[in-house]
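Peer 1: Pasting the sequence and the predicted model now:
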Number of protein chains: 2
Amino acid sequence: MPNAPDAVNLDDKFGKFAKHWSPHIVAQMNDFHVKAVKVKDEFVWHQHDDTDELFFVHKGVLTIKYEDRDVTVKAGEMHVVPKGVQHKPVAAEECEILVIEPAGTLNTGEAGGDLTAHEEPWI
Amino acid sequence: MPNAPDAVNLDDKFGKFAKHWSPHIVAQMNDFHVKAVKVKDEFVWHQHDDTDELFFVHKGVLTIKYEDRDVTVKAGEMHVVPKGVQHKPVAAEECEILVIEPAGTLNTGEAGGDLTAHEEPWI
């Protein structure tokens, strides 16, 4: 799919799916995808050996757990997870986030497991 | 400056400067910068020959003019300008936007001129 020809409305995109931890692609910039993800409860510990990962919170509160600290990211805030660093996203309540990372980046990084999204549909 | 160690709050960042069309870097992801920009009135027609450019509107309404159409981007919306395509950002009222593009991308692309930001400070 080419770049979105018009404006991408986040509320509209988040209204199109319900599954948690399932990235849906909403835009492409060069070799990067912008992915809309609904998250709740705990993801798996993982890392991305080859890339940073930008998180932007649209609604709710996301916590990025690191081995030595937690970073709280609220609506209207962003946080960049450095490449190669173990982290675990968690959200007590459902949270709507954007993730920006190179196309093809797996959500579970090197960890794999049941939450790995092998398909990331365009919406 | 390394990646922001904590969450980057957009309202906080936009409170740190006032000048229009002056990009301020708020985060880095791989070789890309996330830039906070306040815009008002008309920018110059220009293009970026080597990169797409992602616009996200935090507050206000941005219009991206193309040679054959206008794209209106409101708060909570994003739009990707394809590389090599002439465009002109305009905003009737002050508008707070994020621009994500490769570090070193000049705001006026190949056009140059008085609005070119030769310095893009980290805030």
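Peer 2: Yep, that arrived.

Peer 1: give the contact list for A:Glu96.
Peer 2: A:10, A:14, A:36-38, A:57-60 (C-beta atoms under 8 Å, 6 or more residues apart in numbering or on different chains). Using the backbone N, CA and C atoms, a C-beta is placed for each residue, glycine as well.

Peer 1: residues from chain A in reach of chain B?
Peer 2: Residues of chain A lying near chain B by C-beta under 8 Å from any C-beta of the partner chain: A:3-11, A:26-30, A:32, A:34, A:51-54, A:58, A:71-74, A:76-80, A:82-83, A:100-102.

Peer 1: nearest spatial neighbour of the residue nearest in space to the middle of chain A, skipping sequence neighbours?
Peer 2: With distances taken as C-alpha atoms, centre = their mean, A:Val99 lies nearest the centre of chain A, 3.5 Å away. Spatial nearest neighbour of A:Val99, excluding adjacent residues (C-beta to C-beta, 6 or more residues apart in numbering or on different chains): A:Lys35 at 4.6 Å.

Peer 1: now do A:Met78
Peer 2: A:Met78 sits nearest to A:Phe56 (C-beta to C-beta, 6+ apart), 4.4 Å away.

Peer 1: So which elements touch the host helix or strand of that neighbour?
Peer 2: A:Phe56 belongs to strand A:53-59 when assigned by DSSP states H and E. The contact analysis (3 or more C-beta pairs under 8 Å, 6 or more residues apart in numbering or on different chains; DSSP states H and E) places strand A:53-59 against helix A:10-14, strand A:70-74, strand A:77-81, strand A:88-102, strand B:24-29.

Peer 1: how near is A:Gly113 to A:Ile97?
Peer 2: Computed as C-beta to C-beta, to the nearest Å, the A:Gly113 to A:Ile97 distance reads 20 Å.

Peer 1: out of the contacts of A:Glu96, who has the most neighbours?
Peer 2: A:Val37 (25 neighbours; other C-beta atoms under 10 Å in any protein chain shown).

Peer 1: angle of whatever helix or strand it lives in against strand A:53-59?
Peer 2: Secondary-structure assignment from DSSP H and E places A:Val37 in strand A:32-42. With axes from the mean of the first three to the mean of the last three C-alpha atoms, to 10 degrees as the basis, strand A:32-42 and strand A:53-59 are set at 60 degrees to each other.

Peer 1: by contact count, what packs against strand A:32-42?
Peer 2: Counting contacts by 3+ C-beta pairs under 8 Å, 6+ apart, strand A:32-42 is packed against helix A:10-14, strand A:24-29, strand A:88-102.

Peer 1: could you dump those to JSON lines with mean pLDDT?
Peer 2: Output for these, formatted as JSON lines (pLDDT from 0 to 100):
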{"stretch": "helix A:10-14", "mean pLDDT": "98"}
{"stretch": "strand A:24-29", "mean pLDDT": "97"}
{"stretch": "strand A:88-102", "mean pLDDT": "98"}
